[in-house]
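>>> Got a predicted model here, sequence first, then my questions.
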Amino acid sequence: MSFRLAVCAEMVYGELPLIDRVRRIHDHGFDVELWDTRGQDIPALAATGARFSSMSGYFGGSVVDPLNAHEVLASAEKLIPTALELGVERMVVHPAELGEGGRAVRPTHRSTGEMWLTGLRTLEKLGALGEQHGITFALENLNTTLDHPGIPLARAKDTLALVRAVDHPNVKMMLDLYHAQIGEGNLIELVRAAGPDIGEIQVADVPGRFEPGTGEINYPAIAKALRDAGYAGVIGMEAGAIGGQGVEAGDAALSAFRAAFA
């Protein structure tokens with residue numbers, strides 16, 4: 001069983017303009033993940049012929065905050081035309097709004113019942129929106145230890161619980177194994193448990209957030225567990241190249257990524 005492999009264009013080949021990164025990733029046979037598409041030349045990106053697996057699905061508000069969850073829905077609606085033009089399959093949302101450096105815009109270190117209910121209702125509305133346009137919204141888990149302090153309901157077990165509670169085909173989990181390793185560990189059991197609720201998987205090694213094979217995570221073992229579980233979807237490398245932002249380092253990182261999931 002083979003996986004579809006994707007690479008986040010914002011994380012590699014940093015010496016190149018974004019469109020050239022997309023072309024290079026595509027030329028190497030990978031799908032492309034994008035972050036913020038605002039301000040980008042969308043027709044030019046579409047003309048590259050690349051297959052886009054995912055992009056950011058909102059730019060304001062918090063899925064779990066009753067005071068501004070409506071901003072998530074409003075910004076998602078504004079981004080849908082871009083997703084449709086690029087043929088994006090999944091639009092990624094986070095439990096709360098990320099600011100500079102990935103930190104919480106409104107840090108919260110205690111989850112409440114109201115947050116759970118708001119998250120459920122917001123994701124239900126995103127599911128209906130996604131169904132209308134043929135797009136899946138994917139809720140990504142984050143780590144609050146290192147990269148995203150102050151984000152509530154960010155653990156993989158919490159995001160998975162929310163997705164399961166929504167129980168909508170257009171709401172899935174963006175299972176980020178880099179974040180899960182830092183925050184929770186036990187990755188093989190996690191991928192087995194998440195199963196059909198996974199919309200897409202993101203990977204990077206720990207420590208450093210570089211390509212597979214540079215740290216402590218046994219990605220070939222995880223690949224086997226995913227195959228055994230019947231997963232044949234997208235695995236995206238959301239990681240920098242350990243050799244730097246040059247073309248040669250990027251090419252080497254993509255090769256190592258492919259080898260880990262061959």
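Here it is on my side, so go on.
>>> Would you confirm that Asn68 contacts Ser62?
Yes. Asn68 lies in contact with Ser62 (CB atoms under 8 Å); the separation is 5.7 Å. Heads up, the C-betas are built off the backbone N, CA and C, glycines and all.
>>> Can you pull the residues that touch both of the two?
Counting by CB atoms under 8 Å, 6 or more residues apart in numbering, the common neighbours of Asn68 and Ser62 are Glu97.
>>> Looking at the two, which one has more neighbours?
Neighbour totals were compared for Asn68 and Ser62, and Ser62 leads with 29 against 18 (other CB atoms under 10 Å).
>>> Show me the residue at the heart of this protein, geometrically.
Met174 (5.0 Å; CA atoms, centre = their mean).
>>> Please list all residues in contact with that one.
By CB under 8 Å, 6+ apart, the contact list for Met174 reads 54, 90, 92, 138-141, 199-202.
>>> Could you tell me whether Leu139 really is in a helix?
No. Membership of Leu139 in a helix is not supported by DSSP: H, G, I helix; E, B strand; the rest coil, which gives strand.
>>> Val163: what secondary structure?
Reduced to three states with three-state DSSP, the structure at Val163 is helix.
>>> Quick check: it vs Leu139, distance?
Remark: distance between Val163 and Leu139 (CB to CB, to the nearest Å) = 6 Å.
>>> any shared contact partners between the two?
Common contacts of Val163 and Leu139 (CB under 8 Å, 6+ apart): 123, 171-173.
>>> Tell me which stretches of the stretch 151-262 of the chain form helices.
Taking DSSP state H, counting those that start in this stretch as the test, the helices found in the stretch 151-262 of the chain are 156-166, 177-183, 187-194, 219-228, 247-260.
>>> And for the stretch 1-150 of the chain?
Going by DSSP H, counting those that start in this stretch, the stretch 1-150 of the chain shows helices at 18-27, 42-47, 69-86, 113-133.
>>> I'd like the ones you listed as CSV, with distance to Leu34, mean neighbour count and mean pLDDT appended.
Below are the helices of the stretch 1-150 of the chain laid out as CSV (distance: least, CB to CB, whole Å; neighbours: other CB atoms under 10 Å; pLDDT from 0 to 100):
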stretch, distance to Leu34, mean neighbour count, mean pLDDT
helix 18-27, 8, 19, 98
helix 42-47, 8, 13, 98
helix 69-86, 8, 18, 98
helix 113-133, 17, 18, 98
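>>> ok, back up a step: who's the residue nearest to the centre of the chain bridged to?
Glu140, Glu200 (DSSP bridges).
>>> for the helices of the stretch 151-262 of the chain, which one ends up most surrounded?
Most buried of the helices of the stretch 151-262 of the chain, by mean neighbour count (mean count of other CB atoms under 10 Å): helix 177-183, with a mean of 24.
>>> Which strands and helices lie in contact with that one?
helix 156-166, helix 187-194, strand 198-203 (3 or more CB pairs under 8 Å, 6 or more residues apart in numbering; DSSP states H and E).
>>> Could you tell me how far it lies from the centre of the chain?
Taking CA atoms, centre = their mean, to the nearest Å, the mean C-alpha location of helix 177-183 is offset from the chain mean by 13 Å.
>>> Also stretch 113-128?
What separates the centre of stretch 113-128 from the centre of its chain is 19 Å, taken as CA atoms, centre = their mean.
>>> what's it in contact with?
57, 63-66, 69, 72-73, 76, 93, 95, 108, 137, 139, 152-153, 162-163, 165-166, 168-171.
>>> do the same with stretch 9-26
7, 31-35, 40-41, 44-45, 48-51, 237-241, 245-247, 250, 253-254.
>>> which one of the helices of the stretch 1-150 of the chain lies closest to Ile188?
Smallest distance to Ile188 across those (CB to CB): 26.5 Å, for helix 113-133.
>>> quick one, that closest one and helix 156-166 angle?
Our comparison of helix 113-133 with helix 156-166, counting by axes from the mean of the first three to the mean of the last three CA atoms, to 10 degrees, yields an angle of 60 degrees.
>>> mind exporting helix 113-133 as CSV, just the C-alpha atoms?
As requested, the backbone C-alpha atoms of helix 113-133 are provided in CSV (Å, rounded to 0.1, in the frame of the first residue of the first chain):
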residue,chain,number,x,y,z
GLY,A,113,-16.7,22.9,28.9
GLU,A,114,-17.8,26.0,27.0
MET,A,115,-14.7,25.6,24.8
TRP,A,116,-15.6,22.0,24.0
LEU,A,117,-19.1,23.0,23.1
THR,A,118,-18.0,26.0,21.0
GLY,A,119,-15.4,23.8,19.2
LEU,A,120,-18.1,21.2,18.4
ARG,A,121,-20.5,23.8,17.1
THR,A,122,-17.9,25.6,15.0
LEU,A,123,-16.7,22.4,13.4
GLU,A,124,-20.2,21.3,12.7
LYS,A,125,-20.7,24.6,10.7
LEU,A,126,-17.4,24.1,9.0
GLY,A,127,-18.5,20.6,8.0
ALA,A,128,-21.6,22.0,6.4
LEU,A,129,-19.6,24.6,4.6
GLY,A,130,-17.1,22.0,3.4
GLU,A,131,-19.9,19.7,2.2
GLN,A,132,-21.4,22.6,0.2
HIS,A,133,-18.1,23.1,-1.7
